[in-house]
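Participant: Using only what follows, build the 3D model:
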Amino acid sequence: MIGSTLKSRWFATTVHVGLWILLALTLLRLGGGSLPYVETLTHTAAPKNIVPVARLENLFEIRPTAGLDAAAAGPSAFSTTHFVPPKPPPPTTRKVAVTYLGFYQTGEDPRQVFVQVDDALRVSPLGGQIATELFVAEAAVMSLTLTNAAAQTNVVKLNEKKIIEVPIR
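Facilitator: The predicted structure is shown next:
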């Protein structure tokens with residue numbers, strides 16, 4: 001019976017007309033104006049009964065107990081070393097910054113090269129060692145050739161910093 005009432009055209013028409021009347025009343029403001037705003041002259045008094053809070057200071061105080069200390073010292077059921085990766089092996093090489101600053105030669109003496117290795121200035125003859133297993137092979141005006149014990153060469157241009165890996169001793 002309720003289903004047929006909800007499906008009837010008369011019910012739908014009545015609801016439709018009623019909504020249009022509500023919309024018209026809302027737009028025409030037939031409900032009246034808003035209430036006047038008046039500021040009160042009286043102030044609220046402070047409460048006379050203060051809440052006792054003297055005992056609340058100890059409520060959040062942390063007190064260590066003997067049972068918790070003994071449990072913390074023992075093994076934990078929530079920690080394991082199963083997932084800890086092994087320590088990596090120590091590095092076998094390190095990187096040095098090499099900057100070729102030029103060379104000089106006096107008479108028949110061998111050329112002496114100026115090389116800045118990291119923050120230290122080194123003066124070395126051809127064939128001299130400037131870092132661990134890093135030797136001066138050849139010095140030209142615009143470039144310096146370095147070699148190591150494995151016969152690998154590195155060319156460093158004048159006033160340009162180059163990063164070279166050398167073994168750690």
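Participant: I'd like to know the phi and psi angles of Thr106, please.
Facilitator: With angles defined as degrees, to the nearest 10, Thr106 sits at phi -120, psi 120.
Participant: Quickly note the distance from it to Pro125.
Facilitator: Distance of Thr106 to Pro125, given as Cβ to Cβ, to the nearest Å: 12 Å. All C-beta atoms are positioned from the backbone trio N, CA, C, and that covers glycine.
Participant: list residues touching both of those two?
Facilitator: Common neighbours of Thr106 and Pro125 (criterion: Cβ atoms under 8 Å, 6 or more residues apart in numbering): none identified.
Participant: Which residue ranges of the chain form strands?
Facilitator: For the chain, the strands defined by DSSP state E occupy 93-104, 112-117, 120-125, 129-131, 134-139, 143-147, 153-157, 161-167.
Participant: okay if I get those as TSV plus mean neighbour count?
Facilitator: Compiled in TSV, these are given as follows (neighbours: other Cβ atoms under 10 Å):
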stretch	mean neighbour count
strand 93-104	16
strand 112-117	19
strand 120-125	14
strand 129-131	17
strand 134-139	19
strand 143-147	19
strand 153-157	14
strand 161-167	14
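Participant: Make sure Pro167 is actually in contact with Glu133.
Facilitator: Yes. With contact defined as Cβ atoms under 8 Å, Pro167 reaches Glu133; the gap is 5.7 Å.
Participant: low pLDDT regions in this structure?
Facilitator: The chain contains residues with pLDDT under 70 at 30-33, 40-43, 46-49, 63-74.
Participant: Make sure Val123 is actually in contact with Val113.
Facilitator: Yes. Using Cβ under 8 Å, Val123 is in contact with Val113, at 7.2 Å.
Participant: What is the longest helix of this protein by residue count?
Facilitator: The longest helix of the chain (DSSP state H) is helix 9-28.
Participant: mind listing what the residue lying closest to Thr93 once chain neighbours are set aside touches?
Facilitator: In this structure, Thr93 finds its nearest non-sequential neighbour in Glu165, 4.6 Å apart by Cβ to Cβ, 6 or more residues apart in numbering. Residues near Glu165 by Cβ under 8 Å, 6+ apart: 93-96.
Participant: What of Val156?
Facilitator: 98-100, 115, 143-146, 162.
Participant: Can you give me the neighbour number for the residue nearest to Arg169 when sequence neighbours are not counted?
Facilitator: Counting by Cβ to Cβ, 6+ apart, Arg169 lies nearest to Thr132, which is 5.4 Å off, once chain neighbours are set aside. For Thr132, the count of nearby residues is 13 (other Cβ atoms under 10 Å).
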